[in-house]
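Enquirer: Sharing a model that was predicted from the sequence below.
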Amino acid sequence: MQISLEGKRAFVTAGGDGMGRTTAITMHELGAEVFTCDIDPRGLATLPDGITTWECDVSDSSALNAIFDEILPGGLDIMINNAGVGGPTKLVEDVTDEEWDHCMSICIDAQFYCARRVAPVFKAQQSGVIINMISGAGIMGFPGRSPYAAAKWAAAGFTETLAMELGPDNIRVNGIVPGNVNGDRMERVIAAHAGAEGLDPEAVRHMYAIGTSMQCYVDPQEISDLIMFLVSDYGRHISGQIIGVDGNTETLYPRS
Ligand SMILES: NC(=O)c1ccc[n+]([C@@H]2O[C@H](COP(=O)([O-])OP(=O)(O)OC[C@H]3O[C@@H](n4cnc5c(N)ncnc54)[C@H](O)[C@@H]3O)[C@@H](O)[C@H]2O)c1
């Protein structure tokens, strides 16, 4: 089995770092013409030549629209709604309007802004694939992370609904549940959780691992590998699925 994305055009949001970066680079290596954006230009500057980049905050629909105005006249085959932020780690009564809105706008509003633009193009060409990044927080409760859980459950509902709306036009829509992904973001999440509850960060790290059946952390490339399968012809009849690459998350909040 060999995956080729030759001739495909793909847009990944937040491709400067983390899984978006790995995904953009892997698609580029498999032959796709890749477009990406990020709020932080530093990661964009070190992407391989040939990947087209924009500095953009995905919560700004006009900024995203300007990017789509440049990309879509040439067509698009793959939309990866990757951008997401973890939101605050605090009890619901302490969450501010700004914290709630910030998390929602990046985790779910941006997925809507992108889907709204690509759907007519995908319909006209009778093909297209959308991948929405979800989270274990989008399939189970996550005490202390209510904005993030609410946004990611919204993303799961959005994914299921788009799969039904767009399936008759040969457009596939799937969601991915990354587990505990090694990288800077996981370190920030662990530090925030430890700080909020007065715990040792190593205890939090262990707690997250034992919340999964395989007691594991995963690497960003494992997420990108699944994305490559789903966006390729091998995934041609996979739609409406929310698939974990997470060692099977049993709980996000083991209570000892
Ligand atoms: N890392 C994990 O363990 C994990 C677990 C489950 C789900 N997820 C989800 O996977 C996706 C990717 O996560 P990650 O950990 O790779 O991300 P990350 O935290 O590593 O961030 C990736 C990029 O997002 C960019 N970004 C942040 N805000 C932005 C904005 N407003 N506009 C544009 N770009 C912005 C950052 O500059 C960064 O380059 C997210 O949707 C996240 O919620 C991550």
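Expert: Structure's in. What do you need?
Enquirer: Sketch out the low-pLDDT regions of the protein for me.
Expert: Scanning the chain for pLDDT under 70 picks out 256.
Enquirer: who does the longest strand along it pair up with?
Expert: Criterion DSSP state E: the longest strand present in the chain is strand 171-178. If you go by DSSP bridges, strand 171-178 pairs up with strand 128-133 (parallel), strand 242-245 (parallel).
Enquirer: Which among these is found nearest to residue 29?
Expert: With C-beta to C-beta as the criterion, residue 29 lies closest to strand 128-133 of these, at 17.4 Å. All C-beta spots, glycine's among them, are computed from the backbone N, C-alpha and C.
Enquirer: Break down the protein into its helices, ranges please.
Expert: 18-29, 41-45, 61-71, 97-104, 110-125, 146-166, 184-197, 201-210, 220-231 (DSSP state H).
Enquirer: so which of the ones you listed comes closest to the ligand?
Expert: Nearest to the ligand among the helices of the chain is helix 18-29; the distance by C-beta to the nearest ligand atom comes to 2.2 Å.
Enquirer: now what about the closest one, what contacts it?
Expert: With contact meaning C-beta atoms under 8 Å, 6 or more residues apart in numbering, helix 18-29 is reached by 5, 8, 10, 12-15, 34, 36, 38, 43, 47-48, 50-51, 78, 80, 82-83, 133, 178, 181, 183-185, 220-221, 223-225, 227-228, 231.
Enquirer: from these, which would you call buried?
Expert: 5, 8, 10, 12-15, 34, 36, 38, 43, 47, 51, 78, 80, 82-83, 133, 178, 181, 183, 185, 220, 223-225, 227-228, 231 (16 or more other C-beta atoms under 10 Å).
Enquirer: Identify the nearest residue to the residue of the stretch 51-200 of the chain found nearest the ligand in space, disregarding sequence-adjacent positions?
Expert: At 2.2 Å from the ligand, residue 84 is the closest residue in the stretch 51-200 of the chain, using C-beta to the nearest ligand atom. Spatially, and ignoring its direct neighbours in sequence, residue 84 is nearest to residue 107 (4.6 Å; C-beta to C-beta, 6 or more residues apart in numbering).
Enquirer: From residue 93, how far out is the closest residue to residue 154 other than its chain neighbours?
Expert: Once flanking residues are discounted, residue 154 sits nearest to residue 108: 4.4 Å by C-beta to C-beta, 6+ apart. The gap separating residue 108 from residue 93 is 22 Å, by C-beta to C-beta, to the nearest Å.
Enquirer: How about residue 237?
Expert: As judged by C-beta to C-beta, residue 237 and residue 93 stand 46 Å apart.
Enquirer: Rebuild the strands paired with strand 171-178 as CSV, extending it with distance to the ligand.
Expert: Shown next, in CSV, are the strands paired with strand 171-178 (distance: least, C-beta to the nearest ligand atom, whole Å):
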stretch, distance to the ligand
strand 128-133, 4
strand 242-245, 10
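Enquirer: for the ligand, what are the nearby residues on the chain?
Expert: Residues of the chain lying near the ligand by C-beta under 6 Å from any ligand atom: 14, 16-20, 38-40, 43, 57-59, 82-85, 106, 133, 135, 178, 180-181, 183-186.
Enquirer: how does it look with 5 Å?
Expert: For the chain, the contact set with the ligand under C-beta under 5 Å from any ligand atom comprises 14, 16-19, 38-40, 43, 57-58, 83-84, 106, 133, 135, 178, 181, 185-186.
Enquirer: Buried residues, stretch 153-160. List them.
Expert: In terms of neighbour count (16+ other C-beta under 10 Å), stretch 153-160 has its buried residues at 153-156, 158-160.
Enquirer: Grab the nearest non-local neighbour of residue 152.
Expert: Of all residues not flanking residue 152 in the chain, residue 138 sits nearest, at 3.0 Å (C-beta to C-beta, 6+ apart).
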